[in-house]
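>>> sequence unknown, structure follows:
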């Protein structure tokens with residue numbers, strides 16, 4: 001799905017030459033360095049995100065068309081035809097990457113300087129991480145704490161210091177927020193929560209105003225907070241055995257939805273882990289304010305993993321995120337995963353094996369084991 005339709009038709013002309021290469025060389029499926037495989041991987045790599053830059057798309061289509069036509073015309077049994085074509089294509093890809101790196105140098109320099117100077121942010125990140133450790137929180141709450149409230153804590157620490165009453169109040173508000181959304185068993189706890197809520201909400205709104213938090217994000221947080229407070233005060237319902245029984249239906253529906261969309265899906269509960277382990281070369285699609293989507297590649301991660309820089313093919317701008325902000329973008333749907341840096345050929349073989357496994361008659365493995 002990451003390859004534009006026009007490119008899919010062009011690459012499809014390589015079916016017969018690649019099939020011949022696989023039949024003639026038994027190492028085709030086991031040798032990652034096989035020239036035909038490398039060529040396919042490089043074609044796919046260069047095609048991602050091309051639809052968002054007309055100039056790049058036109059340039060790459062000319063290059064790819066020349067490569068494909070050469071293979072279709074010249075290949076008979078000598079795999080060196082693939083080798084020569086791949087060397088030419090790799091040179092084109094390297095030139096494009098060098099152009100991107102030159103363009104983002106100012107962004108990288110600014111991000112490095114910011115990381116060195118943001119000692120307050122580093123302390124806040126550590127505090128927030130400790131407070132959230134081991135907690136399973138709704139996405140709206142975790143996203144708010146790691147972005148908006150972390151920004152507020154940083155601004156207070158920078159302006160007033162960590163020994164100030166303002167800092168203590170901001171940290172206490174965070175602790176009260178996390179305590180307030182946990183179900184209360186005792187009457188005294190419920191009474192305390194009822195008294196706490198007005199001042200807590202007022203303090204949270206004050207922090208949002210202080211950092212000019214986006215209205216849509218604060219609205220989503222407070223809309224989610226109200227039912228959480230109601231649920232924390234109300235008596236817990238008796239467990240329903242039927243409701244607790246696992247069901248395959250939601251999973252099947254999710255899988256069908258993901259398959260229909262043709263895009264890899266991320267579990268919001270694990271999105272923070274995904275961001276922390278994200279490899280350079282990962283492609284995401286970012287939804288713009290006007291509704292358009294722009295695909296961009298993770299081009300650089302700062303040494304302390306506090307800054308992530310993504311670049312589109314057009315290189316008109318760089319997308320700069322903190323890991324918390326990037327996680328919020330992904331979990332909220334403002335950004336979606338397009339592709340992780342896995343070669344096309346490996347993805348294709350994996351998909352083929354999954355298809356064959358799905359077609360296997362039920363009970364086959366069990367009967368073999370018996």
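Everything's here; your move. Keep in mind it's a predicted model, so treat the numbers as computed, not measured.
>>> how about the helices in the stretch 1-150 of the chain?
5-12, 15-24, 35-47, 54-74, 80-117, 119-132, 139-144, 150-160 (DSSP state H, counting those that start in this stretch).
>>> Can I get those in CSV including mean pLDDT and mean neighbour count?
Using the backbone N, CA and C atoms, a C-beta is placed for each residue, glycine as well. Below are those laid out as CSV (pLDDT from 0 to 100; neighbours: other Cβ atoms under 10 Å):
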stretch, mean pLDDT, mean neighbour count
helix 5-12, 90, 14
helix 15-24, 92, 14
helix 35-47, 92, 22
helix 54-74, 90, 15
helix 80-117, 87, 15
helix 119-132, 85, 16
helix 139-144, 87, 22
helix 150-160, 93, 20
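>>> To residue 184, which of those helices lies closest?
Smallest distance to residue 184 across those (Cβ to Cβ): 16.7 Å, for helix 139-144.
>>> Who are the packing partners of the closest one?
helix 215-233, helix 323-332 (3 or more Cβ pairs under 8 Å, 6 or more residues apart in numbering; DSSP states H and E).
>>> Could you check the angle the lengthiest strand in the chain makes with helix 35-47?
Secondary structure of the chain per DSSP state E: the longest strand is strand 293-301. Interaxial angle, strand 293-301 versus helix 35-47 (axes from the mean of the first three to the mean of the last three Cα atoms, to 10 degrees): 110 degrees.
>>> Turn the helices and strands packed on helix 139-144 into JSON lines, columns for distance to residue 358 and mean pLDDT.
Shown next, in JSON lines, are the helices and strands packed on helix 139-144 (distance: least, Cβ to Cβ, whole Å; pLDDT from 0 to 100):
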{"stretch": "helix 215-233", "distance to residue 358": "37", "mean pLDDT": "89"}
{"stretch": "helix 323-332", "distance to residue 358": "28", "mean pLDDT": "87"}
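>>> My read is that residue 100 contacts residue 300, right?
No. Counting by Cβ atoms under 8 Å, residue 100 stays clear of residue 300, with 9.9 Å between them.
>>> Make JSON lines out of the helices of the stretch 1-150 of the chain and add distance to residue 228.
Converted to JSON lines, the helices of the stretch 1-150 of the chain look like this (distance: least, Cβ to Cβ, whole Å):
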{"stretch": "helix 5-12", "distance to residue 228": "44"}
{"stretch": "helix 15-24", "distance to residue 228": "54"}
{"stretch": "helix 35-47", "distance to residue 228": "44"}
{"stretch": "helix 54-74", "distance to residue 228": "46"}
{"stretch": "helix 80-117", "distance to residue 228": "34"}
{"stretch": "helix 119-132", "distance to residue 228": "16"}
{"stretch": "helix 139-144", "distance to residue 228": "7"}
{"stretch": "helix 150-160", "distance to residue 228": "20"}
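>>> To residue 217, which of those lies closest?
By Cβ to Cβ (comparing all of the helices of the stretch 1-150 of the chain), the closest turns out to be helix 139-144, at 7.2 Å.
>>> which element is residue 285 on?
Assigned by DSSP states H and E, residue 285 falls within strand 283-287.
>>> can you pull the buried residues of that strand?
For strand 283-287, a neighbour-count test (16 or more other Cβ atoms under 10 Å) marks 283-286 as buried.
>>> Could you save those residues as TSV and add columns showing pLDDT?
Formatted as TSV, the buried residues of strand 283-287 follow (pLDDT from 0 to 100):
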residue	pLDDT
283	93
284	93
285	91
286	91
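>>> Closest one to residue 350 out of those residues, please.
Using Cβ to Cβ, the buried residues of strand 283-287 come closest to residue 350 at residue 283, 17.6 Å.
>>> Next, the closest residue to the closest one other than its chain neighbours: secondary structure please.
Using Cβ to Cβ, 6 or more residues apart in numbering and skipping the chain neighbours, the partner closest in space to residue 283 is residue 338 (4.0 Å). Per DSSP: H, G, I helix; E, B strand; the rest coil, the secondary structure class of residue 338 is strand.
>>> Return the per-residue confidence for residue 338.
At residue 338, the model reports a pLDDT of 90.
>>> Do I have it right that it meets residue 295?
Yes. Residue 338 is within contact range of residue 295, at 5.5 Å (criterion: Cβ under 8 Å).
>>> which neighbours do the two share?
Common neighbours of residue 338 and residue 295, using Cβ atoms under 8 Å, 6 or more residues apart in numbering, are 2, 48-49, 283-285.
>>> With distance to residue 28 as new columns, can those be given to me in JSON lines?
Below are these laid out as JSON lines (distance: Cβ to Cβ, whole Å):
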{"residue": "2", "distance to residue 28": "23"}
{"residue": "48", "distance to residue 28": "24"}
{"residue": "49", "distance to residue 28": "28"}
{"residue": "283", "distance to residue 28": "27"}
{"residue": "284", "distance to residue 28": "32"}
{"residue": "285", "distance to residue 28": "33"}
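>>> So what's the gap between the strand holding residue 285 and the chain middle?
Strand 283-287 sits 8 Å away from the centroid of its parent chain (Cα atoms, centre = their mean, to the nearest Å).
>>> for stretch 4-23, how far is the first residue from the last?
28 Å (Cα to Cα, to the nearest Å).
>>> quick one on the thing from earlier: buried deepest among the helices and strands packed on helix 139-144, which one?
helix 323-332 (a mean of 22; mean count of other Cβ atoms under 10 Å).
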